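*Asks:* need coordinates for the below:
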Amino acid sequence: MAWPAMGKPSAPGIKRNLNGDVMSVHGSFNYQSGSVERSLVCNGKIFTKRDLTGSDDTIHGAKWCSTEVVVQNARLQEPFSLDVQGFELHNSATQMRYTDFLDEEAIVQRYYAECADLVKRITGASFVAAFDHNVRSAGGKQSDKEIKGGSKVQAPAGIVHGDYTLTSNTDTWRFHPV
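*Replies:* From the prediction side, this is the model:
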């Protein structure tokens with residue numbers, strides 16, 4: 001099965017507050033259909049494989065259901081906590097330039113270190129390791145851009161998904177030793 005395209009919502013619109021901040025936007029998202037069996041562990045029923053260029057190829061066992069939702073601007077909400085909501089939002093400048101994100105060595109050597117330092121600073125963790133990434137860009141995919149020293153630029157995913165299951169995260173870590 002091919003990756004589904006990202007659709008446009010039938011009710012376009014951006015809601016702004018009096019300061020002009022974007023409060024919400026309408027979006028159309030591809031969710032897994034309710035008829036597909038869910039699992040938190042790899043079960044061999046739903047999966048994707050990479051092609052020879054390193055891009056996601058076909059999806060096996062998936063059935064998609066396009067759903068329109070209103071996406072709220074979380075930066076205008078109350079502060080979030082890693083302990084309560086499972087995530088936090090922080091602003092953090094990067095030393096990377098736009099073109100650096102098309103260079104595998106710059107991503108792995110510099111950006112991974114920036115990300116790890118940020119997580120350490122915020123959480124107090126003594127060890128943090130970034131170990132995997134995808135560069136996604138609609139224009140980059142259409143122009144067949146390649147990441148210097150890496151794979152091709154991938155298209156936006158077009159689906160609501162988690163990259164890891166309870167079993168695949170351990171497998172991925174094993175393949176990316178630090």
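*Asks:* helix/strand/coil for residue 31?
*Replies:* strand (DSSP: H, G, I helix; E, B strand; the rest coil).
*Asks:* can you pull the contacts of it?
*Replies:* Contact analysis of residue 31 by Cβ atoms under 8 Å, 6 or more residues apart in numbering lists 64-67, 159-160. C-beta coordinates here come from the backbone N, C-alpha and C atoms, glycine included.
*Asks:* again with residue 158
*Replies:* Contacts of residue 158 by Cβ under 8 Å, 6+ apart are 3-6, 30.
*Asks:* just the helices in the chain please.
*Replies:* Taking DSSP state H to define them, one finds helices in the chain at 104-106, 112-123, 138-142, 168-175.
*Asks:* where among those helices is the average confidence lowest?
*Replies:* Mean pLDDT per stretch puts helix 168-175 lowest among these, at a mean of 69.
*Asks:* name the helix or strand of the protein that has the lowest mean pLDDT.
*Replies:* In the chain, no helix or strand scores lower on mean pLDDT, DSSP states H and E than helix 168-175, which sits at a mean of 69.
*Asks:* what sits against the closest residue to residue 112 other than its chain neighbours?
*Replies:* Leaving aside its sequence neighbours, residue 112 sits nearest to residue 130 (Cβ to Cβ, 6 or more residues apart in numbering; 3.9 Å). Residues near residue 130 by Cβ under 8 Å, 6+ apart: 111-113, 115-116.
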